[in-house]
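[1] give me the fold of what follows.
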Amino acid sequence: MSLLGIDVGTTGCKAAAFSLAGALVASAYREYPTTHPQEGWSELDSRLVMARVGETIAETAAQCRGDPITAVCVSSMGEAMTPVSADRRILGPSILMTDVRGGDLSAPIIERFGLRAFYDINPNIPGPQYSLPKLMWIRRHQPQLYDEAHKFLLWGDLVMFLLGADPVTSFSHANRTLLFDIRREDWSDPLLAAAGIAREKLPPCVASGSVAGTVSDTAAARLGLEKGAAIVVGGHDQCCNSLGAGIARAGLAVCGIGTFECITPTFDRIPDGGTMLASGLNVEHHVLAGLYVSFIYNQAGSLVRWFRDTFARADLQLIPRGQDIYDALAREMPAEPTRLLILPHFEPTGAPQLITDSSGAIVGLKMDTTRGEILKAIMESATFWFVETMDCLKRMRIDTSEFIATGGGARSDPWLQIKADIFGVPFVRPAITECGTLGAAILAGMATGKLAGAEDGISRFVRRQRIFEPDARRHAIYRERFHTYQQLYPALKNVLRSRT
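    Next up, the predicted model:
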């Protein structure tokens, strides 16, 4: 028997089946486009996305005939919701976090409560990206759709619901709506009332790892799943990614390096709200009971891709088949820390600073500067972005003794060594670096009794491929360079603001 993990993201979805011994049995991937019906609007065609999810499930299940799937669990993005009917029909598209609709509608609610009181209920820094302003926009501008909808479901909830489960949502997903009370672990009636959102329009909140139902006969026949296979509540993608990286206790952090880099430190308590709010940090449930996480993120892989397309476009035509252009470019990087500093503000930045009116900058260029030095400086400065926040957490006695690297960027030996040297703690690369589906599969095994608990799942499923230990001499150099990096944006912000 095997366990199926599904991961639904903004641009694509993946399904992966794992044996109870932790081996990858089969996997499949599909992409889908973002649509822009009007300027500033960003949507997913929910019917198309569900069709693609179904294709990945069916393709994976077809390769598991001799090792049938007995439990399914979903990891997915947050915020974006889809309206559905009671008879399991999709009624409209899913509005993405980058959509501008409703951006001004939640501000009066925040003002009514006061930012600190609001944060004490739902510890997110309010903004237009969350579900709350989108729901308010639909209620105001599409009242017929709002009234017709039985539920508005986040993506993990939608996949479970259409597979045959009851409509439910995980604590971590509910947190992304701005309507969840993190301490009561339920929807906040005061916030619902202030927003004018009816509680019955939202699914019940349950803990990750709960069994939400079983795969319906219709879905089983269509997708090649076992009839009665358990449907297990998963969670927000970064939280599932954390479990799939092998994190089951406080003091560790996953560092997901993709188009964006997201560092997700793990806590064993809800940190002090005043300090977290002042630091611009959120708090939400991990997928394991008693643990919480925060998200610190910014551009990363997108900057390296910009470097490739700007400085190495011709090389793409010359690289031999089967070789990686990034490996070839990394061989040009100097061994020592660079002389350059780069402001990683090429696009609006992520948390905690959330700077929208800046631009990127490369400082320290000389006539003998090489493109390899620029590439390494991008990796260094993209890492510097996170240091101040991690230092702040350390002052709150929330320390991180080790980072687990996941995502496409985790395959880069030089980048992981740079990160270890800058932070001064080890970076670990697991054997499987795409950890969202893996974390979901572990949850599926825990919920159905196939695994004795998180530690059992981690011992079977998670393997460490390599540990990158920090070099003390380079760490000292980087700490000095970081102090200079901190001066860069204050010195340049007025100039960079004029360039946006």
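[2] what residues of the helix or strand of the chain with the lowest mean pLDDT count as buried?
    Lowest on mean pLDDT, DSSP states H and E among the helices and strands of the chain sits helix 313-318, with a mean of 78. By 16 or more other CB atoms under 10 Å, helix 313-318 has no buried positions at all. (Glycine included, C-beta is placed from N, CA and C.)
[3] packing partners for that helix?
    Here helix 313-318 touches helix 325-330, going by 3 or more CB pairs under 8 Å, 6 or more residues apart in numbering; DSSP states H and E.
[4] any idea how far the helix it packs on is from the chain center?
    Offset of helix 325-330 from its chain centre (CA atoms, centre = their mean, to the nearest Å): 26 Å.
[5] how about exporting it as CSV, limited to the C-alpha atoms?
    C-alpha atoms of helix 325-330 as CSV (Å, rounded to 0.1, in the frame of the first residue of the first chain):
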residue,chain,number,x,y,z
ILE,A,325,23.7,26.1,-17.1
TYR,A,326,23.7,27.1,-13.4
ASP,A,327,26.4,24.5,-12.6
ALA,A,328,28.6,26.0,-15.4
LEU,A,329,28.0,29.5,-14.2
ALA,A,330,28.7,28.6,-10.5
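[6] which residues sit against the least confident helix or strand of the chain?
    In this structure, residues lying in contact with helix 313-318 by CB atoms under 8 Å, 6 or more residues apart in numbering are Arg308, Ile325, Ala328, Leu329.
[7] for the first one, which non-adjacent residue is closest in space?
    Computed as CB to CB, 6 or more residues apart in numbering, the closest residue to Arg308 that is not its neighbour in sequence is Ile325, at 6.3 Å.
[8] and the one you found, what does it touch?
    Contacts of Ile325 (CB under 8 Å, 6+ apart): Arg308, Ala312, Asp315, Leu316, Ile319.
[9] of these, closest to Pro470?
    Nearest to Pro470, judged by CB to CB, of those is Arg308 at 27.1 Å.
[10] for that closest one, give me its contacts.
    Leu316, Ile325, Tyr326, Leu329.
[11] quick check: it vs Asp315, distance?
    Per CB to CB, to the nearest Å, Arg308 is found 8 Å from Asp315.
[12] how about Pro83, secondary structure?
    What DSSP: H, G, I helix; E, B strand; the rest coil gives for Pro83 is strand.
[13] where does the spatially closest residue to it that is not a sequence neighbour fall, phi/psi-wise?
    Spatial nearest neighbour of Pro83, excluding adjacent residues (CB to CB, 6+ apart): Ala149 at 3.7 Å. Backbone torsions for Ala149, taken as degrees, to the nearest 10, come to phi -70, psi 130.
[14] Ala149 contacts Ser85, correct?
    Yes: under the criterion of CB atoms under 8 Å, Ala149 makes contact with Ser85 at 7.3 Å.
[15] of those two, which one has the most company?
    With neighbours defined as other CB atoms under 10 Å, Ala149 and Ser85 compare such that Ala149 has more, 21 against 12.
[16] any idea how far Glu111 is from the more buried one?
    The separation that Ala149 has from Glu111, given CB to CB, amounts to 28 Å.
[17] same thing with Ala491?
    For Ala491 relative to Glu111 (CB to CB), the value is 34 Å.
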